[in-house]
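> here are the coordinates; sequence isn't available:
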């Protein structure tokens, strides 16, 4: 019985996932990268190199996947080339943060996090997905 419930749940999740726009999925992938970078930084601070390595690897795999699905249409060449450079540079920066010693590694992880956050916010704006950056309003100012 429990396997049947699990299979039904997985089937429902897959069906819901297929209804999402590609841009929304990209935003979710950026969210996953942000979480992985934050986990890597925390693991670094806690002196857990294996956890740090796994978090860096996860973020790197997502970036490599995004790079691998870039459009090769000649009309999209400029943006594809720009994103390709961005993904490769971000992966290099992730591994440099992993190889650095504290506090340099903390600063490097913070830099990668800020860069990915900016890209996430840009895709979110296009996709109509809410921002995750706190906005200053009259009530919070």
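Cool, the structure landed. Please read these numbers as outputs of a predicted model, since none were measured by experiment.

> Just say helix, strand or coil for residue 132.
Assigned with DSSP: H, G, I helix; E, B strand; the rest coil, residue 132 falls in the coil class.

> That one touches residue 120, doesn't it?
Yes. Residue 132 sits in contact with residue 120 when judged by Cβ atoms under 8 Å, with a separation of 7.3 Å. C-beta here means a position set from N, CA and C on the backbone, and glycine is covered the same way.

> what sits in contact with each of those two?
Here residue 132 and residue 120 have residue 31 as joint contacts, going by Cβ atoms under 8 Å, 6 or more residues apart in numbering.

> who has more neighbours, the two?
residue 120 (22 against 13; other Cβ atoms under 10 Å).

> can you map out the helices along this structure?
Applying DSSP state H to the chain gives helices spanning 2-18, 22-45, 49-68, 77-99, 104-127.

> between the second one and helix 77-99, how big is the angle?
Interaxial angle of helix 22-45 relative to helix 77-99 (axes from the mean of the first three to the mean of the last three Cα atoms, to 10 degrees): 20 degrees.

> quick one, helix 22-45 and helix 104-127 angle?
Using the same axes, to 10 degrees: helix 22-45 against helix 104-127 is 170 degrees.

> any idea of the mean pLDDT for helix 22-45?
Helix 22-45 shows a mean pLDDT of 96.

> Buried residues in it, which are they?
By 16 or more other Cβ atoms under 10 Å, the buried positions in helix 22-45 come out as 26-31, 33-34, 36-37, 39-41, 43-44.

> Tell me which other helices or strands that helix touches.
Packing partners of helix 22-45 (3 or more Cβ pairs under 8 Å, 6 or more residues apart in numbering; DSSP states H and E): helix 49-68, helix 77-99, helix 104-127.

> same thing but 6 Å
Where contact means 3 or more Cβ pairs under 6 Å, 6 or more residues apart in numbering; DSSP states H and E, helix 22-45 is packed against helix 49-68, helix 104-127.

> One more: the last one?
In terms of contact count using 3+ Cβ pairs under 6 Å, 6+ apart, helix 104-127 is assigned the packing partners helix 22-45, helix 77-99.
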